[in-house]
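*Asks:* give me coordinates for this.
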Amino acid sequence: MNRPTLPEAALLHVRVQPKASRNEVVGFEGEALKVRVTAPPADGAANAALLGLLARHFGCPRSAVALVRGHKSRDKWVRISGLFPREIRQQPSIRESRS
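*Replies:* Purely as a prediction, here's the structure:
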């Protein structure tokens, strides 16, 4: 019996702009996904906002999104479980109101 292959995880290069005027996934600039978050880059607030925004954007649980590298950098690597890498580029950009 052939079963469909389930994705394990996709690794995503993200460039974050903290302290922005709104939370939004802007889109790809080269190989990096540009994301803006309103949270400041202190005490992990921007990282938490980024992971929550990406979970909503890709329609997956927050627990499926993990920061792999770049905890103190604007350039980060994020793992999203349950997505094929090709599915990431197919998502439209979103803009969310300030929360």
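
*Asks:* how close does Arg56 sit to Arg79?
*Replies:* 17 Å (Cβ to Cβ, to the nearest Å). In short, each C-beta sits where N, CA and C put it, glycine included.

*Asks:* to clarify, my last question referred to Lys72.
*Replies:* On the measure of Cβ to Cβ, Lys72 and Arg79 end up 18 Å apart.

*Asks:* for the longest helix along the chain, name the packing helices and strands.
*Replies:* Across the chain, the longest stretch assigned as helix under DSSP state H is helix 45-58. Contacts defined by 3 or more Cβ pairs under 8 Å, 6 or more residues apart in numbering; DSSP states H and E place helix 45-58 against strand 9-17, strand 23-29, strand 32-36, strand 65-69, strand 75-81, strand 94-96.

*Asks:* if we can go back for a sec, more crowded one of Lys72 and Arg79?
*Replies:* Arg79 (16 against 8; other Cβ atoms under 10 Å).

*Asks:* which residues sit in contact with the residue nearest the centre of the chain?
*Replies:* Closest residue to the average C-alpha location of the chain: Leu54 at 3.6 Å, with Cα atoms, centre = their mean. The contact partners of Leu54, by Cβ atoms under 8 Å, 6 or more residues apart in numbering, come to Leu12, Val14, Val25, Val35, Val65, Val78, Ile80.

*Asks:* that's all I had, so thanks and see you.
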